[in-house]
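A.B. asks: I would like the atomic coordinates for the input below:
(one chain, ligands or ions: 2)
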Amino acid sequence: MVDESELLSVPVRLGGGRSYRVEIGAGALSRLGAVARAGLRREARKVALVSNPRVFGLYGARAAAALRGAGFEVAHWLMPEGERFKTLRTAGRALDFFSEFGLERSDGVVALGGGVVGDLAGFAAAVYLRGVSFVQAPTTLLSQIDSSVGGKTGVNTGAGKNLVGAFHQPSAVVVDTDTLGTLPRRELTAGWCEAVKQGAVGDRRLFERTKKFLAGEARGARDVRGGANVKESGAGRGEELARIIAAQCAFKARIVAGDEREELARDDARSRKVLNFGHTVGHALEAVTGYRRFRHGEAVGYGCLAAGEISRRLGLLDESELESLRGAVALAGRLPEAGDLDAETIRRALRKDKKAVGGSVRWVLLESLGRARVVDEGEVPGRVVLASIRAALRTPRTLPSDS
Ligand SMILES: NC(=O)c1ccc[n+]([C@@H]2O[C@H](COP(=O)([O-])OP(=O)(O)OC[C@H]3O[C@@H](n4cnc5c(N)ncnc54)[C@H](O)[C@@H]3O)[C@@H](O)[C@H]2O)c1
Ligand SMILES: [Zn+2]
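C.D. replies: Ligands and ions are numbered 1, 2, ... in the order given. Just a heads-up that it's a prediction; the model follows:
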């Protein structure tokens, strides 16, 4: 078991006794039991472990052993793999499992998997007996830096994504960075796009640091292909990866602490709304391609570019800043081809976005890297939106040569 002192620990400070910590590091899953023991209620005896077959096959035994080692009675239930199973029907099956297992109000749920598992298990925990405690053990980059922190849980309905849900904060989050070793490349790219987003809207240092790490990764990959001896891979980079994830979680925690429930009236640069940067066009791209071409984060990558282009065309953002954003998105990884998509179709689709208020889209734009501004649809001419979408979809997907 890794020692507690080997993990990075990020506090999420909330009112009403809902504060918790995110524990991050290589091998952190071995501490899942101890963390759940500290985070769940003192009387907790049982833990319902929710995962999917792929993730459970890779990490289930480790997670269950850690939980049993801390004295919990553990039973697991596996949802089918995939976003299309993030539904009320699947949540209902999870709830049935909780009942059959005899889970009581003082017991806990552990979500082991990506954002799909985390959102569904968190939602089931939120409504079971009107709320039982739960612990997130995220295993994708996106879930480690974004979805596991902040307490948004939910499922999709026929009408759209995440339309039913609850705010239900976890009692603890355990991020084992070793799990990223088995993650497919595209899932990493998707996660890095969200990481670039988080830096871009709120924290220039986080943006630069993330970009620098990605540039190092890209260089490392080139050196490996070129047969060079890569000294800096291994432990050093692993530690920096954990530090970047911790910094990303700390950023998300700061935003969540300041606007836990994403108040409708708030649209300042510190509101939770700014996390939607890149998501207006991103969601539209996902919708017009039937949710088949892009991973969510990949679509957000293009969405960030489009919002950056709008920001520059409105005179909010300097070209050099936009160029830096383009570089960061390119470093996140190769995005699927998008040049064939029609900008007008995408523009029509984005009007249907759930984040619209009073029938109008609110754009999250950039004043600089690290500073966002929420702007009403009326202030962004349609031709600017169109030109920006076109420019973003055509952005070369290859890495800048100097990175
Ligand atoms: N609650 C929030 O605040 C929030 C924020 C952002 C996204 N989300 C939600 O998160 C979901 C997307 O999450 P995601 O990107 O993690 O996708 P995901 O959960 O679908 O996981 C991606 C794929 O990777 C597999 N996988 C997971 N961990 C693995 C590992 N360590 N090794 C190998 N394979 C692994 C999964 O089985 C899946 O096939 C969406 O439903 C989205 O709505 C929620
Ligand atoms: Zn997202």
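A.B. asks: does stretch 198-213 come close to ligand 1?
C.D. replies: No - with Cβ under 6 Å from any ligand atom as the criterion, ligand 1 is not reached by stretch 198-213; the gap is at least 11.0 Å. (Glycine included, C-beta is placed from N, CA and C.)
A.B. asks: And stretch 300-312, by the same measure?
C.D. replies: No - judged by Cβ under 6 Å from any ligand atom, stretch 300-312 makes no contact with ligand 1; its nearest approach is 9.3 Å.
A.B. asks: ditto for stretch 243-263
C.D. replies: No - in terms of Cβ under 6 Å from any ligand atom, no part of stretch 243-263 sits within range of ligand 1; the closest distance is 8.7 Å.
A.B. asks: pull the CA atoms of that stretch into PDB?
C.D. replies: Backbone C-alpha positions of stretch 243-263 (Å, rounded to 0.1, in the frame of the first residue of the first chain) are rendered in PDB as follows:
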ATOM      1  CA  ARG A 243       1.000  17.500  -9.800                       C
ATOM      2  CA  ILE A 244      -0.800  18.700 -12.900                       C
ATOM      3  CA  ILE A 245      -3.900  16.700 -12.100                       C
ATOM      4  CA  ALA A 246      -3.800  18.100  -8.500                       C
ATOM      5  CA  ALA A 247      -3.500  21.600  -9.900                       C
ATOM      6  CA  GLN A 248      -6.400  21.000 -12.200                       C
ATOM      7  CA  CYS A 249      -8.500  19.600  -9.300                       C
ATOM      8  CA  ALA A 250      -7.500  22.600  -7.200                       C
ATOM      9  CA  PHE A 251      -8.700  24.900  -9.900                       C
ATOM     10  CA  LYS A 252     -12.000  23.100 -10.300                       C
ATOM     11  CA  ALA A 253     -12.400  23.000  -6.500                       C
ATOM     12  CA  ARG A 254     -11.900  26.800  -6.300                       C
ATOM     13  CA  ILE A 255     -14.600  27.400  -8.900                       C
ATOM     14  CA  VAL A 256     -17.000  24.900  -7.300                       C
ATOM     15  CA  ALA A 257     -16.400  26.400  -3.800                       C
ATOM     16  CA  GLY A 258     -17.400  29.800  -5.100                       C
ATOM     17  CA  ASP A 259     -20.500  28.700  -7.000                       C
ATOM     18  CA  GLU A 260     -21.500  25.300  -5.900                       C
ATOM     19  CA  ARG A 261     -24.800  25.100  -7.600                       C
ATOM     20  CA  GLU A 262     -24.100  27.200 -10.700                       C
ATOM     21  CA  GLU A 263     -26.500  30.000  -9.800                       C
END
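A.B. asks: Can you give the contact residues for that stretch?
C.D. replies: 8, 10-15, 22, 24, 141, 144-146, 149-151, 167, 173, 175, 177, 195, 198-199, 202-203, 206, 209-210, 213, 266, 270-275 (Cβ atoms under 8 Å, 6 or more residues apart in numbering).
A.B. asks: pLDDT weak spots in this protein?
C.D. replies: 227-235, 353-357, 396-403 (pLDDT under 70).
A.B. asks: Mind checking which of the contacts of stretch 243-263 are in strands?
C.D. replies: Judged by DSSP state E, the subset of these located in strands is 8, 10, 11, 12, 22, 24, 167, 173, 175.
A.B. asks: What subset of the contacts of stretch 243-263 is buried?
C.D. replies: Of the members of the contacts of stretch 243-263, the ones counted as buried by neighbours, 16 or more other Cβ atoms under 10 Å, are 8, 10, 12, 14, 22, 24, 141, 144-146, 149-151, 173, 175, 177, 195, 198-199, 202-203, 206, 209-210, 213, 271-275.
A.B. asks: Could you list which residues are in contact with residue 182?
C.D. replies: If you count contacts by Cβ under 8 Å, 6+ apart, residue 182 has them with residue 58.
A.B. asks: gap between it and residue 225?
C.D. replies: Residue 182 is 21 Å from residue 225, where distance means Cβ to Cβ, to the nearest Å.
A.B. asks: now swap in residue 136 and tell me
C.D. replies: From residue 136 over to residue 225 the distance is 36 Å, taken as Cβ to Cβ.
A.B. asks: Ok, residue 336 next?
C.D. replies: Using Cβ to Cβ, one obtains 22 Å as the distance from residue 336 to residue 225.
A.B. asks: neighbour-wise, which of the two wins?
C.D. replies: residue 336 (16 against 8; other Cβ atoms under 10 Å).
A.B. asks: Which residue ranges of the stretch 251-400 of the chain form helices?
C.D. replies: Using DSSP state H, counting those that start in this stretch, the helices found in the stretch 251-400 of the chain span residues 279-288, 296-313, 319-332, 343-350, 382-394.
A.B. asks: and the nearest residue to residue 378 once chain neighbours are set aside, what is it in contact with?
C.D. replies: Residue nearest to residue 378 in three dimensions, not counting chain neighbours: residue 360, with 7.0 Å by Cβ to Cβ, 6 or more residues apart in numbering. By Cβ under 8 Å, 6+ apart, residue 360 lies in contact with 376, 377, 378.
A.B. asks: again, but for residue 172
C.D. replies: With contacts defined as Cβ under 8 Å, 6+ apart, the neighbours of residue 172 are 20, 21, 22, 23, 35, 36, 38, 39, 40, 135, 136.
A.B. asks: Quickly list what residue 135 is bridged to.
C.D. replies: Taking DSSP bridges, one finds residue 110, residue 172 as the beta-bridge partners of residue 135.
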